[in-house]
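A.B. asks: after the sequence you'll find the predicted model.
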Amino acid sequence: GAVVSQHPSRVICKSGTSVKIECRSLDFQATTMFWYRQFPKQSLMLMATSNEGSKATYEQGVEKDKFLINHASLTLSTLTVTSAHPEDSSFYICSPRLAGTYEQYFGPGTRLTVT
Amino acid sequence: AQTVTQSQPEMSVQEAETVTLSCTYDTSENNYYLFWYKQPPSRQMILVIRQEAYKQQNATENRFSVNFQKAAKSFSLKISDSQLGDTAMYFCAFMSPTTGTASKLTFGTGTRLQVTL
């Protein structure tokens, strides 16, 4: 149980374009979704927290207009990197929390490269 | 704010030996959870073990066990009979359920463990 999928696993895009990353909890419902960013050899940095049907709460220093988060259902959340630039290149990880619990699971991650 | 400190950036252990990874944290909360996550080269985060602060008994999962010292705010991970597949980055994490199910995980900086033949 507790399977999380993330798509795409890798994406290369040109500077100025937008990229959408999908995160699905395949066998459980997640009322809360966390999105993380991870630079090479570093820890996970929380970008934002979203609850199903509500606006996301962004961490300090994270631009909400650049990183658009949609949590439209209990099994799907998306992160859109708008007008991507090379400095947005990173590894992005979603992490849904099982509804009504503190059990948190992680997607396999998406490696974004902006050229 | 809570902080989590992992003072060992890298460690190495021979196969079949035992290794202990250290973690300390700082909090003023009394009720919280502590976790160890493993991130192998695939970069998939995997929960290794979890400890509730109100439980005095140390958590154990097969070859993995913790030494939870609440007063010292220490939460070390012991890996027994190390296997090559244990090679990974290990993150210690803390969570205080002060904001319900939206409570956040605070991660340490990680310890890179290499298991050698």
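C.D. replies: Perfect, thanks for sending it. Fair warning: this is a prediction, and the values are worked out from it, not measured in the lab.
A.B. asks: how about the contacts made by whatever residue of chain B ends up closest to chain A?
C.D. replies: Closest to chain A within chain B is B:M45: 3.7 Å, counting by C-beta to the nearest C-beta. For every residue, glycine as well, the C-beta is placed using N, CA and C. The contact partners of B:M45, taken as C-beta atoms under 8 Å, 6 or more residues apart in numbering or on different chains, are A:44, A:93, A:95, A:106, B:37-39, B:91.
A.B. asks: give me phi/psi at it?
C.D. replies: With angles defined as degrees, to the nearest 10, B:M45 sits at phi -80, psi 130.
A.B. asks: which secondary structure element contains the closest residue to it other than its chain neighbours?
C.D. replies: With sequence-adjacent residues excluded and distances taken as C-beta to C-beta, 6 or more residues apart in numbering or on different chains, B:M45 is closest to A:F106, at 3.7 Å. Secondary structure from DSSP states H and E places A:F106 outside every helix and strand.
A.B. asks: run through the residues that contact A:K41.
C.D. replies: A:K41 sits next to B:R112 when contact means C-beta under 8 Å, 6+ apart.
A.B. asks: how about the contacts made by A:F28?
C.D. replies: With contact taken as C-beta under 8 Å, 6+ apart, A:F28 is in contact with A:1-2, A:96, A:98-99, A:105.
A.B. asks: which two among those are spaced furthest apart?
C.D. replies: Spatially, the most separated pair among the contacts of A:F28 is A:G1 and A:A99, at 13.6 Å (C-beta to C-beta).
A.B. asks: and the residue in chain A positioned nearest to chain B, what are its phi and psi?
C.D. replies: Nearest to chain B in chain A, going by C-beta to the nearest C-beta, is A:F106, at a distance of 3.7 Å. The phi/psi pair for A:F106 (degrees, to the nearest 10) reads phi -120, psi 140.
A.B. asks: quick check: it touching A:F91?
C.D. replies: No. Using C-beta atoms under 8 Å, A:F106 is not in contact with A:F91; the gap is 11.7 Å.
A.B. asks: out of the two, which sits in the more crowded spot?
C.D. replies: Taking other C-beta atoms under 10 Å in any protein chain shown, A:F106 and A:F91 do not tie; A:F106 has more neighbours (23 against 17).
A.B. asks: contacts only, for the more buried one.
C.D. replies: A:F106 makes contact with A:4, A:93-95, B:37, B:44-46 under the criterion C-beta under 8 Å, 6+ apart.
A.B. asks: now with 7 Å, please.
C.D. replies: Counting by C-beta atoms under 7 Å, 6 or more residues apart in numbering or on different chains, A:F106 makes contact with A:4, A:93, A:95, B:44-45.
A.B. asks: could you list the low-pLDDT ranges of the chain?
C.D. replies: Here I'm looking at chain A. Chain A contains residues with pLDDT under 70 at A:1.
A.B. asks: meant chain B, my bad for not saying
C.D. replies: The low-confidence ranges in chain B, as defined by pLDDT under 70, are B:101-102.
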